[in-house]
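[1] sequence? don't have it. structure:
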């Protein structure tokens, strides 16, 4: 039976460990978006986030995630997630917990938006399963690679209910 691990605050040591074991699709995505290497992408993401977390199992970081503010005064955020090659071993456990986290975030932030590499099909499928909508690809990054915008919007309280 696999241990469920624990959520901890990111540390430089854990970020370095995760950077060394990051999934190839995540490595490719951060390179395509901004030519960052894994440790640089993790560090930047953590520093840009209000409340970043890491999921660690037996001292091994499995993933790091958070929401980064778009601006100092905006309530919109950019959710992000980077993981190790070990994540698939914990797929069922991870899926259930990530769905709850996305639902919680949706209560905290009226709009969550970011981009996902069009080649990262596992991430796209997971984002849709979480309830994010994906939009047609746009070209981003130094190499103008296709990325899908994704978003989740909290229903407006003063909107009329659908018939």
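    Happy to help now that I have it. In this text the structure is predicted, and so the values were computed from the model without any measurement.

[2] For the longest helix seen in the chain, buried residues please.
    In the chain, assigned by DSSP state H, the helix with the most residues is helix 91-108. Across helix 91-108, burial judged by 16 or more other C-beta atoms under 10 Å covers 94, 98, 101, 102, 105, 106. Every residue, glycine included, has its C-beta placed from N, CA and C.

[3] So what touches that helix?
    Contacts with helix 91-108, where a contact means C-beta atoms under 8 Å, 6 or more residues apart in numbering, come from 2, 4, 55, 62-63, 65, 67, 77, 79, 87, 112, 126, 129-132, 152, 154.

[4] same thing but 6 Å
    Helix 91-108 has contacts (C-beta atoms under 6 Å, 6 or more residues apart in numbering) with 130, 152, 154.

[5] The residues you listed, buried ones only, as a ChimeraX selection?
    Here is the ChimeraX command that selects only those of the contacts of helix 91-108 that count as buried (16+ other C-beta under 10 Å):
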select :130,152
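
[6] and the least confident of the contacts of helix 91-108?
    Ranked by pLDDT, these bottom out at residue 154 (81).

[7] neighbours around the closest residue in space to residue 34 that isn't next to it in sequence, how many?
    Nearest non-adjacent residue to residue 34, counting by C-beta to C-beta, 6 or more residues apart in numbering: residue 141, 6.2 Å away. By other C-beta atoms under 10 Å, the residues close to residue 141 number 17.

[8] Same question for residue 86.
    Using other C-beta under 10 Å: residue 86 sits among 15 other residues.

[9] mind listing the strands for the protein?
    With DSSP state E, the ranges of strands along the chain come out as 6-8, 53-57, 60-69, 77-83, 111-117, 133-134, 138-140, 145-153.

[10] Now the fifth one: buried residues?
    For strand 111-117, the neighbour count (16+ other C-beta under 10 Å) marks 112, 113, 114, 115, 116, 117 as buried.
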